[in-house]
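Quick one: sequence plus predicted model below, questions after.
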Number of protein chains: 4
Amino acid sequence: MIRFTNDYSEGCHPRILEVLSASNTEGNFGYSTDPHCDHARQLIRQAIGRAGAAVHFLVGGTQTNTVCICAALRPHQAVIAAATGHVCVHETGAIEASGHKCVAAPGTADGKLTPDIIRAVCDAHPDEHMVQPKLVYISNTTEVGGVYTGAELAAIRQVCDERGLLLYLDGARLGSALAAGGATLAELGALCDIFSIGGTKNGALFGEAICIQDPAIAEDFRYIIKQRGGMLAKGWLLGIQFEQLMRDGLYEELAAHANALALRLRDGIAALGYGFAFDSPSNQQFPILPDRVLKKLREEFHWEEMGKPDTEHTTIRLVTSWATRPEAVDAFLTALARA
Amino acid sequence: MIRFTNDYSEGCHPRILEVLSASNTEGNFGYSTDPHCDHARQLIRQAIGRAGAAVHFLVGGTQTNTVCICAALRPHQAVIAAATGHVCVHETGAIEASGHKCVAAPGTADGKLTPDIIRAVCDAHPDEHMVQPKLVYISNTTEVGGVYTGAELAAIRQVCDERGLLLYLDGARLGSALAAGGATLAELGALCDIFSIGGTKNGALFGEAICIQDPAIAEDFRYIIKQRGGMLAKGWLLGIQFEQLMRDGLYEELAAHANALALRLRDGIAALGYGFAFDSPSNQQFPILPDRVLKKLREEFHWEEMGKPDTEHTTIRLVTSWATRPEAVDAFLTALARA
Amino acid sequence: MIRFTNDYSEGCHPRILEVLSASNTEGNFGYSTDPHCDHARQLIRQAIGRAGAAVHFLVGGTQTNTVCICAALRPHQAVIAAATGHVCVHETGAIEASGHKCVAAPGTADGKLTPDIIRAVCDAHPDEHMVQPKLVYISNTTEVGGVYTGAELAAIRQVCDERGLLLYLDGARLGSALAAGGATLAELGALCDIFSIGGTKNGALFGEAICIQDPAIAEDFRYIIKQRGGMLAKGWLLGIQFEQLMRDGLYEELAAHANALALRLRDGIAALGYGFAFDSPSNQQFPILPDRVLKKLREEFHWEEMGKPDTEHTTIRLVTSWATRPEAVDAFLTALARA
Amino acid sequence: MIRFTNDYSEGCHPRILEVLSASNTEGNFGYSTDPHCDHARQLIRQAIGRAGAAVHFLVGGTQTNTVCICAALRPHQAVIAAATGHVCVHETGAIEASGHKCVAAPGTADGKLTPDIIRAVCDAHPDEHMVQPKLVYISNTTEVGGVYTGAELAAIRQVCDERGLLLYLDGARLGSALAAGGATLAELGALCDIFSIGGTKNGALFGEAICIQDPAIAEDFRYIIKQRGGMLAKGWLLGIQFEQLMRDGLYEELAAHANALALRLRDGIAALGYGFAFDSPSNQQFPILPDRVLKKLREEFHWEEMGKPDTEHTTIRLVTSWATRPEAVDAFLTALARA
């Protein structure tokens, strides 16, 4: 079985496995107060060009989104997100469980928000009988493979300033966005109030780094992490992993590998005459394939399904990762050509 | 200034004012444990044909919706509501603040849900990565004046049984729905797991009665009321009011008055050649009027605005109540004819 | 049956009933945006000597505490309260339901906090593995009849400044505290970040006024009110009542009446040789009486019980109000003397 | 520096490290739907003697407590815990943040609850103006080293049945309790509605297993895990670790090692004439030592402090683990003897 199911089907990159093993008995203080975390924080501050940023490490993505949003909002304040946004759909109401409404805006075809969409949401919430939209949630890449450029991000920052909004970027798949020419880490550091750098889907065993530029959000942030169950006892496990990812360009190298194979899939599928539901330059591809073809491919390959555009076709999601081998891509394309 | 702003611009019906005055010094135990509340409960149980129903009294509508939904759901369960539903829009995220997502479904033109809409929401939430839709929220009348018939309600009940859903009807404007030929109190008693009978907008100074048929929701309901700040110290004030509303058909009589004047408005406006944004048989009417006309009317009348269908017209909301005088309606129509 | 059960067994003072009746059909905008509320706000700002205070009106006490605390705290922040404090005990976990822990400190014998108690709570919460105590909750009078003097309040203010804490005073029984020589309204205005002036237990049908000096708490306060179900549709009902209470000294006059009768009870009971569980100068008295005596009195009088100091005695709570008649007090004392 | 700081200063037992490495590239479905988790579930069901138990895996302890309690309680229901209980003190109000009050009862000297303590809490919460105590939270070992025997646990189960309470046991340090002669896994399976088996503090890199006997709590449990941010993407990492811990008695062997060294510390310290704050048969020891002695030891050893019984002494906490070496214990005792 070859999996294009997601980008978290394997453990971690060998370099990370190696340091995890090497450090196993070194002994560290808990809760990310150790030298590995401190060093990883330093590397991240350099990478994003923000010497004063607060940097924290969490295990998973839902936790990351919940903690960041909880820390930023007062009770009546709401999140503005694309309707396809992870917080709107795939976190079992985690944000609502923390008390905040996610206002789902119709996004662009590739799952992005734009200044006009954001302004429209604000305009539709004029008074205290409605929630107060306060934090713009964007994901890069988006859930359907879209990538924000630096210019797009700057435009969103501008509307945030205009309307008194906070800007949070969920970087669960940030590696792929960076490797696809999206806004750079330095641009993120300059434009977002808070954003995450995802490790889980790009070579780490697990782990998301949170970078906070807004001191009001950063204040007492460790309390919020702990309260939401996000403080890992053996916190150095997170520091060790981000030390590796942030060293020697490993983070971008792994993402570039994933993206390259995704584009190879994309080009190969397109060459066979098939179309795509979303236009994605990233490690997720969304071809629309005939059900009779999928039936054959299913014996050998695994993917997730994203709905049926008509009764005889299905949109599938193919995801590549740092661990995907070129042979797997070729096998898929060969099988597709034959099917 | 003549107000068609809403149905809660005046105090209460004279009969209610009278008993409030008469009982002022009689002395009662607090928290709705008094004989007035008990008697009102009895009258309501008779009216809805459910001898075993639990009946509780709260002051306001947002409270009512929050308490009912909190009492019914586990943390991961969500509300299905029309996108125009009060809980989705006009309660400042009260339901989300209690931890539950409101899944906003595109409703019908008059703000209703249908079995197909409900099924579609359920089908779109297949697993534990998403909230679990569990409670169907409908309002009768809807926020845009729609009225559920008994047959429509029965069809929704059926899909609820089919899919294991709870059915909650928000009766903030139930009087108007009853008087417009909507599902009867007995049908509500038979078909809803829980519903409210609104007093605030139909002759009471304030007050909503909650009728619970589902024993699991009814269990410990007073705890939930108290916790959510809904337990009125001088609870008999609520009992006294519902004693009056439920006696001699007062509740339906007041609503019939409001509806009759709303239809008079509707017919008069239509006769002048204007159209409506929503088709409403109830005490809310939504004419689309030219902005230059509204400018003139504004000196004498007050209403709320509901958006602009084009640059020169505005949809306004005209609301009548038990307190609206026929002369006010006539004055509006005369002024409109002249404008 | 003569009730010393509580101070909310009757409706409202005749002057309030009169204006409620007189205003019944005058027509007002909803949600406390009316001239009565504006006028009442003005009267309160004068009374507390804070021209810039934000003033809001809610229906009940649990709502008031929840809204004020929600508006003031971030998620990880906690309330410091005496273990007997209303928020710790008698609100069915309303504060916890809004996400905040109430740290229950052992208070003084009469239910108060002191600077030392507050400092000790802070010292016991040194880091992010524990909640962050942030808001000091005091009630005046306390739940066991204690009264904060101006000097005591000033000392608490000082520790709040020292430790970066907010000070919230729950004035559900503020009238009685004022009439007993407690901190004045002007002192409250000068020393508290936020406090309430209780109407429900001092002559109003219902209603609590909230006075906010801290602009950060005041910001968007109406959103929080609405979200927590505290925004009364016919909000002018609250304004009208506080207009009366704040005019001609009615608020303090009613409380002075209640206190005077409570002290008459106290002195009469003491003269008969009985002791008290708490030393109270206010409208609640807590005599310890033999069970065989209580058995006889129970036929004619009603009260609440507060526990048994030994197998043959019970501490009872006797509460007087603006509506208590001197004859009721005399009847109790006579019956007690005979029992 | 020799650490007795806690039992999570090192990574994981070599056997676990080995399988984590070996499985790194095997490829698995996410979210604990993999064969490793299934196998670990099976091993746990056997160990606890409950073929029908639901078994779930989470990363950390605060998460575990929050998820279990959220899944079990309705909004007005509260936790009964010893005042020293982890949920009361050291989780930054995580339980309150999920809406539930923790009623802190004075526990026994070694941090336990007893039937009488539980009954007293229930009796003190008679009505809907207070929270409804519903779930008994106990930790084994307790936070101060106490261990529940099977008989003690059975007695608590009895009071739970008597009063309609749920019983939850937090097994963050369950290994140490098992190895110290506490209630067995089979007794836990038979007596608790829900309990956890802690991996983080007993040889795993991270991970807690949750065993649920009550079907009402088990229903939709994965939704609650996901909503609270507890669903690990690479869930097999948890399964793999518990496969090892539950095989060949490794779990109890590691705990026995830790306990043995803790008792060696205890006996050695006692032999030097020092006393202890708590009587502990487990891997945490709480000697009371002179400050002047601690000053010397501090250069070489690390521990946490638990308060000062007098101005010249401090209670310290010494914790041993699977990773503690006998040489470390001996070094401490030698240094103490010299100090």
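Received, thanks. Numbers count the residues shown, from 1 in each chain, chains lettered A, B, ... in the order given.

roughly how far apart are the residue in the stretch 101-250 of chain A that chain D sits nearest to and residue D:208?
In the stretch 101-250 of chain A, no residue comes nearer to chain D than residue A:229, which is 3.5 Å away by Cβ to the nearest Cβ. Placement of C-beta: from N, CA and C, glycine included. Distance of residue A:229 to residue D:208, computed by Cβ to Cβ, to the nearest Å: 11 Å.

list residues touching both of these two?
Common neighbours of residue A:229 and residue D:208 (criterion: Cβ atoms under 8 Å, 6 or more residues apart in numbering or on different chains): D:60, D:63.

rewinding a little: assess the claim that the residue of the stretch 101-250 of chain A closest to chain D and residue D:227 are in contact.
No - taking contacts as Cβ atoms under 8 Å, residue A:229 lies outside contact range of residue D:227: 11.3 Å.

Check the gap between the closest residue to chain B within the stretch 201-339 of chain A and chain D for me.
Distances from the stretch 201-339 of chain A to chain B, computed as Cβ to the nearest Cβ, single out residue A:307 as the nearest residue at 9.5 Å. Noted for residue A:307: a distance of 21 Å to chain D, by Cβ to the nearest Cβ, to the nearest Å.

where does that residue land in three-state SS?
Classification of residue A:307 into helix, strand or coil gives coil, according to DSSP: H, G, I helix; E, B strand; the rest coil.

Same question for residue A:28.
Under three-state DSSP, residue A:28 falls in the coil class.

from memory it sits against residue D:9, does it?
Yes - with contact defined as Cβ under 8 Å, residue A:28 and residue D:9 form a contacting pair (6.3 Å).

ranges for the helices of the stretch 101-250 of chain A?
With DSSP state H, counting those that start in this stretch, the ranges of helices along the stretch 101-250 of chain A come out as A:115-123, A:150-163, A:174-179, A:185-191, A:215-218, A:221-227, A:236-245, A:250-271.

Setting aside sequence neighbours, what's the nearest residue to the residue nearest the centre of chain A?
For chain A, residue A:172 is the residue whose C-alpha lies nearest the centre (Cα atoms, centre = their mean; 2.1 Å). Distance criterion Cβ to Cβ, 6 or more residues apart in numbering or on different chains; nearest residue to residue A:172, sequence neighbours excluded, is residue A:198 at 4.1 Å.

Quick check: bridge partners of the one you found?
The residues listed as beta-bridge partners of residue A:198 by DSSP bridges are residue A:208.

okay, it: pLDDT?
Per-residue confidence for residue A:198 comes out at a pLDDT of 98.

from memory it sits against residue A:176, does it?
No - at 9.1 Å, residue A:198 and residue A:176 do not qualify as touching, with contact defined as Cβ under 8 Å.

okay, those two: which has more neighbours?
The neighbour comparison of residue A:198 against residue A:176 (other Cβ atoms under 10 Å in any protein chain shown) goes to residue A:176, with 33 against 29.

I'd like to check which residues are in contact with the more buried one.
Contacts here follow Cβ under 8 Å, 6+ apart; on that basis residue A:176 touches A:141, A:147, A:201, A:202, A:255, A:258, A:259, A:262, A:282, A:283, A:284.

Might you report the residue contacts of the second one?
For residue A:147, the contacting residues are A:110, A:140, A:141, A:176, A:177, A:180, A:181, A:182, A:280, A:281, A:282, by Cβ under 8 Å, 6+ apart.

any idea which of the contacts of residue A:176 is the one closest to chain C?
residue A:201 (27.6 Å).
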